[in-house]
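Participant: can't give you the sequence, but here's the structure:
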Ligand SMILES: [Zn+2]
């Protein structure tokens, strides 16, 4: 029997059918701008039913959902408002999956689901001590120790890597704190980071010739642009510090790095690995940094794996 899993992003929901450990079909839908998750559920139901019908399945082993918020994965509740759908907290999704498909539901935070996906199907295979950090618009993280997802008292354990304080007198973050890893080096913060970096005036970004994104920063830095090189290295130093904190906290065998910036993995991995290799307190062969191998489907795969191990 297959499981169906979905990864709920800001504008799209990705779906996958996983049968005997293999992702046998995928789909994605653009979600309407409705603020009510209840209004999106019929679209989700239709998509799942279509995929089951196309695969010739008439029953489901489980349903997995990965949400971009903190999730109580024992009681299947979102603990913080899912920014896109304010009513998602109040819905009985466990009952919804049971009534609709007679299937148990697994819910998890999307960064944790992605880590499970990489653990079972990607860069983390063969290791039970992993940290994953995803550097994109924001920064997400998760930790697995001795084969167990870390959750903690409030389901926050390992999950707040993007809001670890890197610089206590740094920039204001969108979370309200100051000097978070995200506000010091992430895609949403990059336009401001560029503007405040010495040498911005007269730069290609100031002139409007380049978009203020990491694609441009890495490309121009590689071509020898001193300003871009300086911003690039500062951002990589921020990521190094964040990753080192995670390594000290969780002592993983591998740190899996995902997210849009990994288009520049050939620069990022050796730069940060070199610094990790020479950090105090770590042994001669400390945590190995690896690129995510399932950048598009780790969340779906992980949510599906968790669903396959869930019962009513
Ligand atoms: Zn923050």
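Facilitator: Received it, and whenever you're ready, just let me know what you need. Just so you know, these numbers come straight off a predicted model, no measurement behind them.
Participant: what residue of the protein is the furthest out?
Facilitator: residue 202 (34.9 Å; C-alpha atoms, centre = their mean).
Participant: separation between that residue and the ion?
Facilitator: 31 Å (C-beta to the ion, to the nearest Å). Quick note: C-beta positions are derived from backbone N, CA and C, even for glycine.
Participant: Is that residue within a helix or a strand, and which one?
Facilitator: Residue 202 belongs to no helix or strand when elements are defined using DSSP states H and E.
Participant: Next up, phi/psi of it, please.
Facilitator: Dihedral pair for residue 202: phi 90, psi 0, per degrees, to the nearest 10.
Participant: That one and residue 210, how far apart?
Facilitator: 13 Å (C-beta to C-beta, to the nearest Å).
Participant: same question, residue 100
Facilitator: 48 Å.
Participant: For those two, indicate the residue with more neighbours.
Facilitator: Taking neighbours as other C-beta atoms under 10 Å, residue 100 and residue 210 compare with residue 210 leading, 18 against 15.
Participant: ok, now which ones touch the more buried one?
Facilitator: By C-beta atoms under 8 Å, 6 or more residues apart in numbering, the contact set of residue 210 is 204, 216, 220.
Participant: which one of those residues is nearest the ion?
Facilitator: Distance to the ion across the contacts of residue 210 (C-beta to the ion) is lowest for residue 216, with 24.2 Å.
Participant: List the residues that contact the closest one.
Facilitator: 204-205, 210, 228.
Participant: Residue 34 too?
Facilitator: By C-beta under 8 Å, 6+ apart, the residues touching residue 34 are 40, 85.
Participant: And it, what's its pLDDT?
Facilitator: Here, the pLDDT recorded for residue 34 equals 72.
Participant: Can you tell me how far it is from the ion?
Facilitator: Using C-beta to the ion, residue 34 is found at 28 Å from the ion.
Participant: ditto for residue 35
Facilitator: 24 Å.
Participant: Then residue 11?
Facilitator: 22 Å.
Participant: How many residues are close by residue 201?
Facilitator: Neighbourhood size, residue 201 [other C-beta under 10 Å]: 9.
Participant: quick one: it from the ion, how far?
Facilitator: From residue 201 to the ion the distance is 28 Å (C-beta to the ion).
Participant: In what element of secondary structure is residue 289 found?
Facilitator: strand 288-291.
Participant: now for that strand, which elements pack on it?
Facilitator: Using 3 or more C-beta pairs under 8 Å, 6 or more residues apart in numbering; DSSP states H and E, the elements in contact with strand 288-291 are strand 254-258, helix 265-277.
Participant: So for the ion, which of those sits nearest?
Facilitator: strand 254-258 (19.2 Å).
Participant: Tell me the strands beside that closest one, with direction?
Facilitator: Here strand 254-258 has these sheet partners by DSSP bridges: strand 130-135 (parallel), strand 288-291 (parallel).
Participant: Would you mind getting the angle between it and helix 265-277?
Facilitator: Here strand 254-258 points in a direction 150 degrees away from that of helix 265-277 (axes from the mean of the first three to the mean of the last three C-alpha atoms, to 10 degrees).
Participant: hang on, residue 212 in a helix?
Facilitator: No. With DSSP: H, G, I helix; E, B strand; the rest coil as the criterion, residue 212 is assigned coil and is not in a helix.
Participant: got the contact list for it?
Facilitator: Shown in contact with residue 212 (C-beta under 8 Å, 6+ apart): 190-191, 194, 205.
Participant: Closest one to the ion out of the residues you listed, please.
Facilitator: Once C-beta to the ion is applied, the member of the contacts of residue 212 that ends up nearest the ion is residue 190, at 15.0 Å.
Participant: And for that closest one, nearest residue in space, chain neighbours not counted?
Facilitator: Nearest residue to residue 190 in three dimensions, chain neighbours excluded: residue 212, at 5.7 Å (C-beta to C-beta, 6 or more residues apart in numbering).
Participant: And residue 39, by the same measure?
Facilitator: In space, and not counting its chain neighbours, residue 39 is closest to residue 32: 7.2 Å by C-beta to C-beta, 6+ apart.
Participant: neighbours of the one you found, just the number please.
Facilitator: If we define neighbours as other C-beta under 10 Å, then residue 32 has 10 of them.
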